[in-house]
Every structure is written in C-alpha cells, then in structure tokens.
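Participant: next come a sequence and a model predicted from it.
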Amino acid sequence: MLHGGCSPVNDQIKHQGSPNSSFNRVLFPSSDSSGAIEGGVPPKAWMGGIFPGRREHGPVWNVVPHETQRNPDPRKESDDMRISAAALMLSTLAMMPTTDASAAPSPGPIEIDSRPTKVTAYQGRAWVERTVSIDLESGLHRLVFRDLPHRWQSESVQGRVSGNAKVVGIDTMSNQISNAPKNMTELIEAVRQAAGAVQHAKDSLAVTDASIDYLQSMMSKASSGEQRNAGTASLDIASVQQQMEFFSQQLRSLLQTRMDEAGAVEDRQRELEVAESKLSRAGGSSRTERTAEVELVVSESGVVEVTLGYLVTKANWSPRYDVRGDLEGESVRIEYGAEVQQQSGEDWTDVTLVLSTAQPSRAANPPTLEPVYVNVLDPSHGMEHDSLVIGNGMVPPPAAMGAGRGGGERSLAKDMEYASDAEIRSGGSSVTFTLPRRMTVKTNSKSAQRTRIAEFESDVDFTFVAMPVLTEQVYLRGRFTNASDYQLLPGRGGIFMGGDYVGPTDLASTAPGADMELYFGADPALTASETMLKRNTGSAGVFGGWIRTDSSYVIKVDNGSGRPVKVELWDRRPVSRSDEIDVAVVGIDPALSTDAVYLADDAPRGLMRWDITVPAGRTGEDAFTLSYDLRLEHKEGVVITPWPE
C-alpha cells in the first residue's frame, strides 16, 4: 500500500519548480515522519521516478518518492530491491490513464466547409443558419466555421447540435489578413528592369563624359606643343589644321552623343518612377476573416448535425402585390409576393427562406404613455377648396394611381408559375411565411429578388365614383374581403384591369376575413362634369337687411360603354359656422342617397352623394343629368369667407 504517494491536486500540495523542466514537481505530504513507502524502498530504485501530472477533467495525480534509510546488508538490499520494483510497478499502473473518453486527448480543430442553408428574413435583418452533418468520435471536438459575413453580429451567434452531443462553448474571432496583388511579381520585375535601364543609361553617359575629358586633355597637350613652335619656321601649319579638324569633329560627335545619352537617362528615370508608382499604388489588399469555433462533447460516436446561427444586418424583405380586377366577372385576384434584398456580405444560395414580420431588435416592453395638456388658444380657421373628403378617405388620385387601401410594383416575373403557397404560422404579434421552394439571393445585388407567397380570389362589388367638382374622370372602386388565410402586410401593389396595367397603389394591413377597398383607375368611357348655370345676388327678408345669393348647378354623366354602370356621385355645399349665415340646397333632382353611413358621417359635413345607375350609351345631349339650386343668405354688412363657384 502506498502512503502519501498519490494525492489529488485539491489536497495539500507543495509545488517545487525546476527552471529547466516543462512541468512542475508536485510534493505531497507523507503519511509518517519518514515519508517512506511501506516495505522500505531504496532511493536508487527511484532514480528518474518522478512522474509529471496529467491535465484531465478530473483531479491530477502524482507519485513522488520519499527518502528512506539505506540497508547496509547486501542480501537485505536485494530483497528491498525486489520490493522496490514491485512497488514501482504498482505505482506506475496507478498512474496509467484510463480508457474513458473524457481522459482521451482532444483532437485539433476541424475545419468545416459550410454555407447558409436556411435564412429567416426580417425587416432590416436576417437570421442565417449553417447546418452540416459530420461523423465524430466520442470525446471533445472543436469545429471551425470560417468565411462568416462582414455584417454579422458576433454577439448573436448560437450553436445547436442533434444526436448524442452537447455544445459546451462558442468562440468568435476576427483576423486581419493581408493579400498581395495578383500581379505583384510582374510589378516588382518591372521596377527591377526599369532601375537596370536607368543604371545602364548612366553608365553610357559616364563613358561619354570620360571620352570628352580625354579628348580635351589631348587637345590641351597638342596646343602646348604647337605654342613652342609658334612664330618659327618649324611650325607646321598643315599639321595644325589637321589636328584642329580632327579634334573638332571628335568633340562635336561626343557632345552630340552625350546630349542623347543625357536624354536617355531622363527617359529611363521617368520610366522607373512610373513603375515604382504602380507598385506603390498596388500596395496589396487586406480583408477581415471572421471565424466561429464551436466546442462540443460527443458522448457516442456517430453522425452529428451541427447548426451555427447568427444575425446579419443589411437584409430586408417587403410585401409586393399584383391586384387583377375582372369587371365582367365581378371578381378580383390578388397575387401575394415578396421582394428580398440583402447586402450582408455572403450569398444565400439555394436556401430555405422564411419571411417574418417579427422585429428582433424591437423592445419587448411597450412605450410609456405620457399625459397631454391643453390650454386656451385663439384658433384661426382656414378652408380648403382643392380636395373633397369622402367618408374617412380622400378622393382617388387623378391618375388612378390607387388611392384607397391597397398594394406594389408590377411583377418582375408575372408569367412565373409556382407549385404551392407558402406555409403560414402566426404567433403573438408576428407572422412567418415559409416558402415551399428554395431561393438564391445574391449579396449586393442592385435588384431585389421577387418570389411568390400565395394568391387568392374574391368576389368584388364594383362601383364607379365621380367627383365632377374636382375632375371629369370617373374611377372604378372595388370593395371585397380578404378571402385568404394570410395576413396582408402593408406594401406596394400593382393594379391591373383585365390585361392592362393601371398603376401602382398601396395596401394597408388586412387580416383574414377583413374588408378591403381598392381603386382600379379611371374608365375612359365615363366622364362627369358640373356647370353653374346662373348666380343671382339680391336683398332678402320682409324688411330687408339680408343678402341672398342663388346659384343653379347641373351635372352631366356620360356613359360611352356598352353596359349600364352604378355610379356614386359626390358634390359639396358650403356649411355655415355662423348664425348670421344660412345655407340651403333646394330643387335636388334626383334625390340624394339614403345610405345610413352617408347620412350619419358625410351629410352633416356638407357632402352630397347620389347613388345612380347610368344606362349604356347615354352621352352628349342624352347624357344622364342631375341638378340642384344653392341658396346662401347672410346679414347685410357681414363679410363672409370665399366659397367656390
């Protein structure tokens, strides 16, 4: 039995470090005063018998010898040696690592080849998942996911595994990597050659300068010799002339050569500067490599499915609608689509796409409601004469660009056929659509990717709406129900009537089963006009004191189509806000509408509505006609605000 030979690190331990060793020697307290191992082990038997501890998930064990007194008897020493060997064997066996997976050394990081496989798109963001399957042995593993996009949010990263595995940690890191330009070798070689050309040109110029110096020295020596014979009979004039011609010719040639070579040096120097400039501008590039390392423990060998998820910015989707009306069939078909666009830094290739209305960055708590205070204020009243408010909505836009509640741009692929509708799931305040087909959305694409969510048809109540006081155009309005199981989200839409594109519009949020209203543009076969026939102003009242103005109006509706049409025609009269002003409408033909909603909401505000049916072919002199008289009285001396004719 060992005493003090084995002890966990959480017991009383003394560390004795050696400056030349890669581990620390751990000394454990002995069980007796001598620190001996039972049976007496000589020190020679423990030469080199200090075993470094092994770092495990459990405690670290060390075996350390304790000094004993040496037995001088050789026979006793032999017996002690055998006992020592046995004890050494036992202690060595105790130190051997177990075969349990937790004691096995963890392998190095495993590089994972991954790409986005599923994307959930939100407004302005997206949740991206990379799922891979890998065969792993039991034990601790580190999986490295590289090439993560530059717009990812590292603090959002999550890991998920299936099977007999568990995620124990995730590390994220960013490394700056410099890349030399592809033509760096060519640029360096160009600089080297340009520098060599400069040196060659300078060498040639130096040789020419040396030749000029030598020639000038020869001329100086020849001149000195002739000067001694000057004025004497020994002076050879012909020889002097020959020397002058020779030196002049040689010097002229060398000077021309030097000028050419000096120009060559300048040219080569400029070429070197250009090559060096290209090299410095190339400079190389750098990029940031973003990596996530998932650490997991596998309890049983086999295939493990690992999913890395993270949030990215610069990703968005928006609803897009195509609304196709059928006037003859009194029906409407709505094609519910979506446009997806992203600049996250990575392509979404052949991914499962989920569209969600949730806002991952929105606070979970509601805002705080603050009180509102009012005080006395002198109001100033104004009047608007360029618009007519109908019910709770405004007049349709003059170009039938879709005023009302309704939806998007023209389809980018309207002839595209889709096999099935999206799967819808509603939870809390959000709705998700899981598309039944895989999609590819490139990053940094200038155009959005259009896809189909669903389509549905509904019966529609078509009515033409005319406001001749504002425009002669007559607009077609459709009222119908959202007959789908889908929540229609706010978005742009394209309006079609038959096979013709009418214009864009906007759709409001509409729940399944809720009523909808859209305008389908102006019908060129219908017009409506209003004319004031007369206006007279005079005194009123038995004793005078009042001024009365009488006006007569006639409205004509032309129906050039081959069918009778229902028309909802609107006009307005002034509404008095003073006891000194009285307004009345008389001689109305035909009578105004008896619709309960109109009488409750619009009639008190001075709006006049007729519900009429205009027969087919009623145009020109035979146009459908409406008329009424307007009487406005006010006290004499009272100045009233302007009112439209």
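Facilitator: Cool, got the structure.
Participant: just name the shakiest helix or strand of this structure by mean pLDDT.
Facilitator: The helix or strand of the chain with the lowest confidence, counting by mean pLDDT, DSSP states H and E, is strand 25-27 at a mean of 31.
Participant: for the nearest residue to Ala511 once chain neighbours are set aside, give its distance to Gly493.
Facilitator: Once flanking residues are discounted, Ala511 sits nearest to Gln487: 5.9 Å by C-beta to C-beta, 6 or more residues apart in numbering. (Glycine included, C-beta is placed from N, CA and C.) Look at Gln487 and Gly493: by C-beta to C-beta, to the nearest Å, they are 15 Å apart.
Participant: if I pick the residue lying closest to Arg605 once chain neighbours are set aside, what's in contact with it?
Facilitator: Nearest residue to Arg605, sequence neighbours excluded (C-beta to C-beta, 6+ apart): Val575, at 6.6 Å. By C-beta atoms under 8 Å, 6 or more residues apart in numbering, Val575 lies in contact with Val583, Arg605, Gly606.
Participant: Met218 too?
Facilitator: With C-beta under 8 Å, 6+ apart, Met218 has these contacts: Phe247.
Participant: pLDDT averaged over the helix or strand containing it, what's the number?
Facilitator: Met218 is located in helix 184-228, with elements delineated by DSSP states H and E. Across helix 184-228, pLDDT averages out at 86.
Participant: the helix or strand following it to helix 184-228, inter-axis angle?
Facilitator: Downstream of helix 184-228, the next assigned helix or strand under DSSP H and E is helix 237-282. Computed by axes from the mean of the first three to the mean of the last three C-alpha atoms, to 10 degrees, the angle separating helix 237-282 from helix 184-228 equals 160 degrees.
Participant: from the chain's centroid, how far away is helix 237-282?
Facilitator: 63 Å (C-alpha atoms, centre = their mean, to the nearest Å).
Participant: show me what whatever helix or strand comes next after it is packed up against.
Facilitator: Per DSSP H and E, the first helix or strand lying C-terminal to helix 237-282 is strand 285-298. For strand 285-298, the elements it packs on are strand 139-145, strand 152-161, strand 165-179, strand 302-313, judged by 3 or more C-beta pairs under 8 Å, 6 or more residues apart in numbering; DSSP states H and E.
Participant: angle of the third one against strand 285-298?
Facilitator: Just to be clear, that refers to strand 165-179. Using the same axes, to 10 degrees: strand 165-179 against strand 285-298 is 170 degrees.
Participant: what pairs with strand 165-179, parallel or antiparallel?
Facilitator: Applying DSSP bridges to the sheet, strand 165-179 is found paired with strand 285-298 (antiparallel).
Participant: okay, the partner strand in PDB with CA atoms only?
Facilitator: Extracted C-alpha coordinates of strand 285-298, given in PDB (Å, rounded to 0.1, in the frame of the first residue of the first chain):
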ATOM      1  CA  SER A 285      -5.300  44.400 -50.100                       C
ATOM      2  CA  SER A 286      -6.400  43.300 -46.700                       C
ATOM      3  CA  ARG A 287      -9.600  41.600 -45.500                       C
ATOM      4  CA  THR A 288     -11.000  40.500 -42.200                       C
ATOM      5  CA  GLU A 289     -11.600  36.800 -41.700                       C
ATOM      6  CA  ARG A 290     -14.400  36.100 -39.300                       C
ATOM      7  CA  THR A 291     -14.500  32.800 -37.600                       C
ATOM      8  CA  ALA A 292     -16.700  30.900 -35.100                       C
ATOM      9  CA  GLU A 293     -15.300  27.900 -33.300                       C
ATOM     10  CA  VAL A 294     -17.900  25.600 -31.800                       C
ATOM     11  CA  GLU A 295     -16.800  23.300 -29.000                       C
ATOM     12  CA  LEU A 296     -18.900  20.200 -28.400                       C
ATOM     13  CA  VAL A 297     -18.800  17.000 -26.500                       C
ATOM     14  CA  VAL A 298     -19.900  13.800 -28.200                       C
END
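Participant: check the offset of it from the chain's centre.
Facilitator: 21 Å.
Participant: ok, now stretch 217-225?
Facilitator: The answer for stretch 217-225 is 86 Å, by C-alpha atoms, centre = their mean.
Participant: buried sites along it?
Facilitator: Buried residues in stretch 217-225, defined by neighbour count with 16 or more other C-beta atoms under 10 Å: Met219, Ala222.
Participant: what's the answer for stretch 509-520, then?
Facilitator: Here stretch 509-520 shows Thr510, Met516, Glu517, Leu518, Tyr519, Phe520 as buried, counting by 16+ other C-beta under 10 Å.
Participant: out of those residues, which are inside strands?
Facilitator: Judged by DSSP state E, these include Met516, Glu517, Leu518, Tyr519, Phe520 as members of strands.
Participant: any idea how far the fourth one lies from Arg563?
Facilitator: Here the criterion is C-beta to C-beta. By it, Tyr519 lies 19 Å from Arg563.
Participant: cool, the last one as well?
Facilitator: From Phe520 across to Arg563, the span is 16 Å (C-beta to C-beta).
Participant: where along the stretch 351-500 of the chain do the strands fall?
Facilitator: Counting by DSSP state E, counting those that start in this stretch, the stretch 351-500 of the chain has strands at residues 389-390, 393-394, 423-427, 430-441, 449-466, 473-481, 491-497, 500-507.
Participant: any idea how far the last one is from the middle of the chain?
Facilitator: Mean C-alpha position of strand 500-507 versus that of the full chain (C-alpha atoms, centre = their mean) differs by 28 Å.
Participant: was I right to think Arg563 contacts Arg618?
Facilitator: No: the pair formed by Arg563 and Arg618 falls short of the contact definition of C-beta atoms under 8 Å, at 11.6 Å.
Participant: tell me which of these two has more neighbours.
Facilitator: Arg618 (19 against 12; other C-beta atoms under 10 Å).
Participant: three-state assignment of the more buried one?
Facilitator: coil (DSSP: H, G, I helix; E, B strand; the rest coil).
Participant: so it sits against Gly562, correct?
Facilitator: No: with contact defined as C-beta under 8 Å, Arg618 does not reach Gly562; the gap is 11.6 Å.
Participant: quick check: closest non-adjacent residue to Ser211.
Facilitator: Leu254 (5.4 Å).
Participant: count the residues that sit near the one you found.
Facilitator: The burial count for Leu254: 18, using other C-beta under 10 Å.
Participant: ok, it - contacts?
Facilitator: Thr208, Ser211, Ile212, Leu215.
Participant: could you do Phe246 as well?
Facilitator: Neighbours of Phe246 in contact, by C-beta under 8 Å, 6+ apart: none.
Participant: just to revisit the earlier point, neighbour count winner among Gln487 and Gly493?
Facilitator: When neighbours are counted by other C-beta under 10 Å, Gln487 and Gly493 differ, and Gly493 comes out ahead with 27 against 18.
Participant: which SSE is Asp579 in?
Facilitator: Here Asp579 is assigned to no helix or strand, by DSSP H and E.
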